[in-house]
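*Asks:* no sequence on hand, only this structure:
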């Protein structure tokens, strides 16, 4: 609960992922690639 409150603080700035979080980073990159592909497909229609 306290972590959530901290993240919603206007002064919060997220940092980079730790090396041990490589799978989270890989998922985020994969997800963003899919979103970008979807947006680009929409532009072609």
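*Replies:* Done, it's in. Since we're looking at a predicted model, the values are computed, not measured.
*Asks:* centroid-nearest residue for the chain?
*Replies:* The residue lying closest to the centre of the chain (C-alpha atoms, centre = their mean) is residue 28, at 5.1 Å.
*Asks:* in which helix or strand would I find that one?
*Replies:* helix 22-44 (DSSP states H and E).
*Asks:* mean confidence (pLDDT) on that helix, please.
*Replies:* When pLDDT is averaged over helix 22-44, the result is 94.
*Asks:* what residues sit buried inside that helix?
*Replies:* Neighbour-count burial for helix 22-44, counted by 16 or more other C-beta atoms under 10 Å, picks out no residue. C-betas here are computed from N, CA, C, even on glycine.
*Asks:* run a quick neighbour tally on residue 12.
*Replies:* Residue 12: 9 surrounding residues under other C-beta atoms under 10 Å.
*Asks:* what about the spatially closest residue to it that is not a sequence neighbour, which helix or strand?
*Replies:* In space, not counting the residues next to it along the chain, residue 12 is nearest to residue 6; the distance is 6.2 Å by C-beta to C-beta, 6 or more residues apart in numbering. Here residue 6, judged by DSSP H and E, is contained in helix 2-7.
*Asks:* what's in contact with that helix?
*Replies:* Contact with helix 2-7 is made by residue 12, as judged by C-beta atoms under 8 Å, 6 or more residues apart in numbering.
*Asks:* quick one: it to chain centroid distance?
*Replies:* 17 Å (C-alpha atoms, centre = their mean, to the nearest Å).
*Asks:* if we can go back for a sec, what about the residue nearest to the centre of the chain, distance to residue 10?
*Replies:* From residue 28 across to residue 10, the span is 23 Å (C-beta to C-beta, to the nearest Å).
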